[in-house]
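Student: Kindly return the folded structure for what I paste below:
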Amino acid sequence: MQNKNKTVIRTMDLLNLFLTHTKLTVNDMIRLSGIPKSSVHRMLGSLADMGLLTRDQDGQYSLGLLFLQFGNLVAERLDIRHVALTDMQRLRDETDEAVHLAVRDGDSSMYIEKLDTDHPVRLFTKIGRRAPLYAGASSRILLAFMPEEERENYLSEVEPEAIGIGTIVSKSKLRELLAISRTTGYSFSRSELENYTAELSAPIFDHTGQMTAGISIAGPEGRFGEDRLPELIGKVRQAAYEISLKLGYRKQVL
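Tutor: Residues are numbered from 1 along each chain as shown. Below you'll find the predicted structure:
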């Protein structure tokens, strides 16, 4: 049993080399892994036979297409609501505010999960609620991290309308806020969808580095004062980052 475990560990050591190298020769793998030459040759034969590695005409090895198949299956089977739940619960408990998970649906955002707070004064929202991409922190964070061409197409066509007393209806102001969000990694709104409420959101990225959702906290505007905002921003961004890591995201936190 010990020999089998050792072989598996050594095999993973070889495969892990390809996390930072596109192609490697046999000698490269021997040098980088420290595994004996005879063992490397034996493992490479098995990995190539299984389709986990492929060898080109120059004798260099790279990851096989089987990894692409497995990677796509993992990505397809990840339920972001399930993946995010633990971090959403922790964020709710740390901030004592309602927590939402939102995704883009066409020109709207939609809450696909929500955790309520026990606070006696709280915001009443529900799963399935939609909002235009220009209004509210959850919507605007999705808009901010959309591909640039899609974002500009949307902004050129949309005509923002007031929903709450704080809704941003100026396109120039909207573009300014979107640029700030892309720099700071969060979006904040006051009274944009409902008067006297506030929302703070951060983007969630998947294994490809693309934004896939947004996580937010929301509640009465009075609980989002300037003295409390820095702490709340840090907690929301950290929750978004932790969820992103679980989805395979590997860039450094902003």
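
Student: What residues are bridge-paired with the closest residue to Y186 other than its chain neighbours?
Tutor: Leaving aside its chain neighbours, Y186 sits nearest to A202 (4.7 Å; criterion: CB to CB, 6 or more residues apart in numbering). Placement of C-beta: from N, CA and C, glycine included. The partner list for A202 in beta bridges (DSSP bridges) reads I215.

Student: neighbours around A202, how many?
Tutor: Counted by other CB atoms under 10 Å, the residues lying close to A202 total 29.

Student: And the pLDDT at it?
Tutor: A202 is assigned 98 on the pLDDT scale.

Student: S39 now?
Tutor: 91.

Student: which SS state does it fall under?
Tutor: Per DSSP: H, G, I helix; E, B strand; the rest coil, the local secondary structure of S39 is helix.

Student: what do you get for the one 4 residues further on?
Tutor: Under three-state DSSP, the three-state class of M43 is helix.

Student: Next one: it from R223, what distance?
Tutor: To R223, M43 is 57 Å away according to CB to CB, to the nearest Å.

Student: do P132 as well
Tutor: 25 Å.

Student: same thing with T197?
Tutor: Distance from T197 to R223, by CB to CB: 10 Å.

Student: More neighbours: which of those two?
Tutor: It is T197, of T197 and R223, that has more neighbours when counted by other CB under 10 Å, with 22 against 19.

Student: is it true that the more buried one touches S191?
Tutor: Yes: with contact defined as CB atoms under 8 Å, T197 reaches S191; the gap is 6.4 Å.

Student: Identify the contacts common to the two.
Tutor: Counting by CB atoms under 8 Å, 6 or more residues apart in numbering, the residues touching both T197 and S191 are 164, 221.

Student: need the next SSE after the helix or strand bottoming out on mean pLDDT in the chain, C-terminal direction.
Tutor: When the helices and strands of the chain are scored by mean pLDDT, DSSP states H and E, helix 65-77 comes last with a mean of 70. Once the chain leaves helix 65-77, the next helix or strand it forms, by DSSP states H and E, is helix 80-95.

Student: continuing past that following helix, what's the next helix or strand?
Tutor: Per DSSP H and E, the first helix or strand lying C-terminal to helix 80-95 is strand 98-105.

Student: Mind listing what's buried along that following strand?
Tutor: Neighbour counts over strand 98-105 (16 or more other CB atoms under 10 Å) mark 98-104 as buried.

Student: which one among these gets closest to S170?
Tutor: R104 (22.2 Å; CB to CB).

Student: could you list every residue that touches the closest one?
Tutor: Contacts of R104 by CB under 8 Å, 6+ apart are 110, 133, 142, 146.

Student: So which of those residues wins on neighbours?
Tutor: Within the contacts of R104, most neighbours by other CB under 10 Å means L142, with 28 neighbours.

Student: who's R130 bridged to?
Tutor: In beta-bridge terms (that is, DSSP bridges), R130 pairs with M110.

Student: looking at it, it is touching D107, isn't it?
Tutor: No: if you go by CB under 8 Å, R130 and D107 don't touch, sitting 9.7 Å apart.
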